[in-house]
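K.L.:
sequence plus the predicted model coming up.
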Amino acid sequence: MSPTEASAETDGPDTPSGGGGVEDTLELRLPGELLALFGQDRHSRTQAPAGREPQGTTPRGVSGGEKPPGRPFPGEDLLDALAEWGVVATAVGSFQLVPVRIDRDLQLISSWMNDPAVAAFWELAGPESVTEHHLGGQLAGDGRSIPCLGVLDGVPRGYFEIYRADLDPLARHYPARPHDTGIHLLIGGVADRGRGLGTTLLRATADHVLDHRPQCARVVAEPDLRNTPSVAAFLSAGFRFSAEVDLPDKRAALMVRDRALSKVL
């Protein structure tokens, strides 16, 4: 029986009265420390602006020590130390993802961005400052996207972006899962295109992600649906076509490489 019910009940026929027909009541006394605590809590909530949690409290739906969904902890390594993944053997040589340094790599990457075949889809043609702005935005961020050179036997062959698709605006356009990891890439040299190198490096990169990101169950990509060679390369690299997706700047083919199928595709 709750205290409210107890204090509201009248005497029954078998219940002795305290005298003179006066109702018995159950008086509850709370310790002063607990009352003070309630008072502090009430004060903090009345002072909090509407729609916001009081300072020092945990957001609703999040237990202490957990981060809100979709928000990384400050300083969290979102891509599991990509710079330390090392070299992977491929049929065409030793391949490695090397995080970009603007002072070292800007001129090369900008030259690739000004190739008409690349510019048609990346839309970063122009002076080096255009590419520098694109790279700098990622390098100054929280680590959810890391620009890299794809280096084969010591020679840069392409530009790659490895990113957390579940933390990217892309996640609004498909049923993202925690730790989905995305790939953007271009093959730099004209002579390297159309002979299967992109397929080989794509497969190596996707498998590299799965090997070094144990919580990642899928590698995803969203090439422009018009970019037939790119879509074909993803299919040949063991990705499956999942859906057509309308993104703000293009209609894309959502490509998925599943961990569960990575040994058979």
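P.N.:
Yep, that arrived. As the structure is a prediction and not an experimental result, all values here were calculated from the model.
K.L.:
how about the strands in this structure?
P.N.:
Remark: strands assigned in the chain by DSSP state E are 87-90, 93-99, 145-152, 155-164, 181-187, 218-221, 240-247, 250-258.
K.L.:
run through who's touching the longest one.
P.N.:
Looking back up the chat, that one is strand 155-164. Outside strand 155-164, the residues within contact range by Cβ atoms under 8 Å, 6 or more residues apart in numbering are 78-79, 82, 97-98, 105, 108-109, 112, 138, 144-151, 179-189, 192, 197-198, 201, 205, 209. Just so you know, the C-beta spots here come from the backbone N, C-alpha and C atoms, and that holds for glycine as well.
K.L.:
list only buried entries from the residues you listed.
P.N.:
78-79, 82, 97-98, 105, 109, 112, 138, 144-151, 179-188, 197-198, 201, 205, 209 (16 or more other Cβ atoms under 10 Å).
K.L.:
and Met255, how many neighbours?
P.N.:
Using other Cβ atoms under 10 Å, Met255 is surrounded by 26 other residues.
K.L.:
quick one: closest of the strands of the chain to Ala119.
P.N.:
strand 181-187 (10.1 Å; Cβ to Cβ).
K.L.:
who's in contact with that closest one?
P.N.:
Counting by Cβ under 8 Å, 6+ apart, 79, 112, 118, 122, 150, 157-165, 168, 170, 193, 197-198, 201-202, 205-206, 209, 213, 216, 218-222 sit against strand 181-187.
K.L.:
try it again at 7 Å.
P.N.:
Contacts to strand 181-187, defined as Cβ atoms under 7 Å, 6 or more residues apart in numbering, come from residues 112, 118, 122, 150, 157-165, 168, 170, 193, 197-198, 202, 205-206, 209, 213, 216, 219-221.
K.L.:
hey, C-alpha coordinates of that strand in CSV?
P.N.:
Below are the C-alpha coordinates for strand 181-187, written out as CSV (Å, rounded to 0.1, in the frame of the first residue of the first chain):
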residue,chain,number,x,y,z
THR,A,181,32.8,1.8,-43.4
GLY,A,182,32.8,3.6,-46.8
ILE,A,183,35.3,3.9,-49.6
HIS,A,184,35.8,6.7,-52.2
LEU,A,185,38.6,6.3,-54.7
LEU,A,186,40.1,7.3,-58.0
ILE,A,187,42.9,5.7,-60.0
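K.L.:
mind listing what it pairs with, with the direction of each?
P.N.:
Sheet pairing for strand 181-187, assigned by DSSP bridges, gives strand 155-164 (antiparallel), strand 218-221 (parallel).
K.L.:
what's the average pLDDT for the shortest one?
P.N.:
What that stands for is strand 218-221. In this model, strand 218-221 has a mean pLDDT of 98.
K.L.:
can I get the strands of the chain in TSV including distance to Ser230?
P.N.:
Shown next, in TSV, are the strands of the chain (distance: least, Cβ to Cβ, whole Å):
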stretch	distance to Ser230
strand 87-90	19
strand 93-99	19
strand 145-152	15
strand 155-164	12
strand 181-187	9
strand 218-221	9
strand 240-247	12
strand 250-258	8
